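1. Quick one, fold the following:
(2 chains)
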Amino acid sequence: MGLRGSKPTFDDSSNVVYFIQIPLRGLRVPNLSPFPLKLETYLRMAKIPHESIMISTLSSKGKTPWIRHRGKDVADSQFCIEYLNKQFGVNLNEHLTKEQQAVSRAILKMVEENLYWVLVCYRWFFMNPKDMGLSQNIPSLIFAFIRRRVRKYANGQGMGRHSQEEIFHIGKLDLQALSNYLGEKKFLFGDQPSETDCSVFGMLAQFVFSNIESPHCALIKKEFPNLERYCHTMRNTFWPDWDQVLKGDASSTKL
Amino acid sequence: MHCNCGNTKLLIAAAGAVAASAFILLKFCRKKKLTFNDDSNVVYLVQLPRGKRVPSISPFPLKLETYLRVAKIPYENVFSSQFSTKGKTPWIHHRGTDLGDSQFCIEYLNKQFNVDINAHLTKEQRGVARAFLKMVEENLYWVLACARWVFGSPSRAGFPSSMNSLVLYFIQRKVKQYAYAQGMARHSAKEVFHIGKLDYQALSDFLGDKKFLFGDKPCETDCGVFGMLAQVVFNQPDSPHYEVIKKEFPNLERFCWSMREAYWPDWDQVLEKA
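-> Numbering: from 1, shown residues only, chains lettered A, B, ... in the order given. The predicted structure is shown next:
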């Protein structure tokens, strides 16, 4: 987004993980971007002590979120997870078989590299801007400016070249795949959650809890209700303070 | 008075270079009107000219053509640099309808020809098949695009002769822009290679000893995975990607050969002669 924010000060002698996320606290989700929500869910699942800092300073790769730990900045949610797994001796995928770990990777990538763009295109090209789910509406000029940039990125990636119906259809196939694989299970791979659950939750929460006006939410409710059930399970398990988190920062959403 | 002869010569040379470049580009991009027989049931597959080591240097035409062969749908190749309405390749023409995007083409053809090469998969397997297809087409694709076009100078080895260095230059410019937009090009070459390796590992672990991803019969995703891996296994023998596949994921190479032997017995005959 090309935002410039101030660089915060960190205590590099402590073992605390500073988790820096863009200040997009939604009215209904802790962050409107799925990747901070994924990473924070992982930190909670892995029980890694962390301090959340909401500022508009983007990572060295120009993205959100990023972390700082013992003087080291790490960008990209997945690289952050790999780093933290090593630093804290964590492996949330330990209970998975080799084949399940493979499926886990495939689902992670489908959600983050395909379904993500369905969400992005919906929010920036088709949705009424008033439905963004922020405590303040984004001013029209800024919205138009951001949309231009998103259009360029979405066209480069490819999703932006499809029609609205086609993009919805692509999203439906991904949601169907997730629903088919999840079935009746509590989490993706059974009773114990794993890394990919963090990402799938981060993404689905955007549709299920935030963009409740979207055709995707309606579709999930009607045809893939196990995905909604799954989101509630993840939320109840790892975000028992969900409502407090939203209330606590809902008034300080800044761009 | 200062003589401007040197500047004039330079200007003329520059104009000549621009004109020559435009001519070469136009020659490649010339939109010759394609004609089709709309009375027949044949599917016209419009794609870039043949490569010297793979039938297509792009994974998506190779995926789609492999699907047509697996599904036994009669088709005819039209080799052209004309892109789809979405600005991409491949695309198809069938009974007066033009359709772009390989996956939309497959969905259309499944309906038109009453075909389902995923029929033998369970509901859960279909979910997994979709996930692997997207991993390969939306993640591994960009790893390979960056490896080839973003980091270092792309080699023309194996490419169709009609794709000269100038065309490659323009492709490289576009791909760099797209890869940055998608996100992959924000990583370092080492990070991108690591991302690719994790995808290879997932494919290899899932394939195991099976002939195809889900057993003895291929499905749609096998076509997508083959289209992508063939770029590395058959077209980039000197790349570190091929090296890591050979060394650590040999079942992926074995898979490529299984697909090639089963559905491309004419592989050597279709290639552009080196």
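2. just checking, next helix/strand downstream of the strand or helix carrying B:Arg254?
-> B:Arg254 is part of helix B:250-263, with elements assigned from DSSP states H and E. From helix B:250-263 onward toward the C-terminus, using DSSP H and E, the following helix or strand is helix B:267-270.
3. Can you mark which positions in that next one are buried?
-> Residues of helix B:267-270 include none that count as buried (16 or more other CB atoms under 10 Å in any protein chain shown). Heads up, the C-betas are built off the backbone N, CA and C, glycines and all.
4. try stretch B:84-92
-> Buried-residue list, stretch B:84-92, by 16+ other CB under 10 Å: B:Ser84, B:Lys86, B:Thr89, B:Pro90, B:Trp91, B:Ile92.
5. now, among these, which is nearest to B:Ile106?
-> B:Ile92 (9.7 Å; CB to CB).
6. low-scoring stretches of the stretch 101-250 of chain A, by residue?
-> A:249-250 (pLDDT under 70).
7. For it, list the residues in contact with chain B, please.
-> Contacts of the stretch 101-250 of chain A with chain B, taken as CB under 8 Å from any CB of the partner chain, map to A:101-103, A:105-110, A:113-114, A:152-158, A:161-162, A:166, A:173-174, A:176-181, A:183.
8. tally of neighbours for residue 98?
-> Unless you meant another one, I'm taking chain A. By other CB atoms under 10 Å in any protein chain shown, the residues close to A:Lys98 number 12.
9. hm, I was asking about chain B
-> The burial count for B:Asp98: 14, using other CB under 10 Å.
10. and it, which of the three is it?
-> Classification of B:Asp98 by DSSP: H, G, I helix; E, B strand; the rest coil places it in strand.
11. who touches the residue nearest to it when sequence neighbours are not counted in this structure?
-> Of all residues not flanking B:Asp98 in the chain, B:Trp91 sits nearest, at 6.3 Å (CB to CB, 6 or more residues apart in numbering or on different chains). Under the criterion of CB atoms under 8 Å, 6 or more residues apart in numbering or on different chains, the neighbours of B:Trp91 are B:Val46, B:Phe83, B:Ser84, B:Thr85, B:Asp98, B:Leu99, B:Gly100, B:Asp101, B:Cys105.
12. Who is B:Trp91 paired with across the strands?
-> B:Val46, B:Gly100 (DSSP bridges).
13. how far away is it from chain A?
-> Relative to chain A, B:Trp91 is positioned 12 Å away (CB to the nearest CB, to the nearest Å).
14. thinking again about what came up before, which of the residues of the stretch 101-250 of chain A next to chain B count as buried?
-> Neighbour counting with 16+ other CB under 10 Å marks A:101-103, A:105-110, A:113-114, A:153-158, A:161-162, A:173-174, A:176-181 as buried within these.
15. tell me which element the residue nearest to A:Tyr18 when sequence neighbours are not counted is part of?
-> In this structure, A:Tyr18 finds its nearest non-sequential neighbour in A:Arg68, 4.2 Å apart by CB to CB, 6+ apart. Per DSSP H and E: A:Arg68 is located in strand A:66-69.
16. what's that strand in contact with?
-> Strand A:66-69 is contacted by residues A:10, A:12, A:15-20, A:39, A:58-60, A:73-76, A:80, A:83-84, A:87 when judged by CB under 8 Å, 6+ apart.
17. Report the rounded mean pLDDT for the stretch of helix or strand B:Tyr141 belongs to.
-> According to DSSP H and E, B:Tyr141 maps onto helix B:141-145. Per-region confidence: helix B:141-145 scores 97 on mean pLDDT.
18. Which neighbouring elements make contact with the very next helix or strand once past that helix?
-> Once the chain leaves helix B:141-145, the next helix or strand it forms, by DSSP H and E, is helix B:165-182. Helices and strands touching helix B:165-182, as assessed by 3 or more CB pairs under 8 Å, 6 or more residues apart in numbering or on different chains; DSSP states H and E, comprise helix A:140-157, helix B:5-29, helix B:141-145.
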